[in-house]
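Peer 1: I would like the atomic coordinates for the input below:
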Amino acid sequence: MRQPPTVTEITEKEILGRRIGTGYDQQTTKAMQPGIKRVWNFEFEGGNCNYFFGVDKLAINHKDMINLKAEFEKIGTLKIIGCLKKTGSYGSGQNMSDFEQIIDYLEDYIKIFGFKKFPVQVLCDI
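Peer 2: A predicted model of the protein is given here:
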């Protein structure tokens, strides 16, 4: 049986996200999404860019989660910086097979939906 990762191991991984276009000037964008400079600085040295950031969110209905709760184990908590929790994409699943399919074809999923991998250290308060 495979051991679950530690929180330390997870902090060395990535979170899927995407750029969200903005029609505002850079100062307004920063005011509307405080902390966005963390993402800008990761992507472009000096942060000379202008867009909002959003994470890829996968959801499951409460009634379906009841049937899946035995499949999950809490190993710790990562706190995504509040302003960076904006939704960049929203998908859902009904069973473990739906989520396994995404994991099995993750690189294709990233290409099809235009996601990018962002380091946990950039998006989380660590």
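
Peer 1: where's the closest residue to G91 other than its chain neighbours, which helix or strand?
Peer 2: Distances taken as Cβ to Cβ, 6 or more residues apart in numbering place L58 nearest to G91, at 5.1 Å, with adjacent residues excluded. For every residue, glycine as well, the C-beta is placed using N, CA and C. Using DSSP states H and E, L58 sits in strand 52-59.

Peer 1: Next: L78.
Peer 2: Applying DSSP H and E, one finds L78 in no helix or strand.

Peer 1: Around P5, how many other residues sit close by?
Peer 2: 13 (other Cβ atoms under 10 Å).

Peer 1: Kindly report the same for E12.
Peer 2: E12: 11 neighbours (other Cβ under 10 Å).

Peer 1: Helices along the protein, start to end?
Peer 2: With DSSP state H as the criterion, the chain has helices at 7-10, 26-32, 36-43, 62-68, 96-104, 106-113, 120-123.

Peer 1: just to revisit the earlier point, distance of the residue nearest to G91 from K74?
Peer 2: 17 Å (Cβ to Cβ, to the nearest Å).

Peer 1: sorry, back to before: helices and strands around the strand holding L58, which ones?
Peer 2: Helices and strands touching strand 52-59, by 3 or more Cβ pairs under 8 Å, 6 or more residues apart in numbering; DSSP states H and E, are strand 14-20, helix 36-43, strand 87-92.
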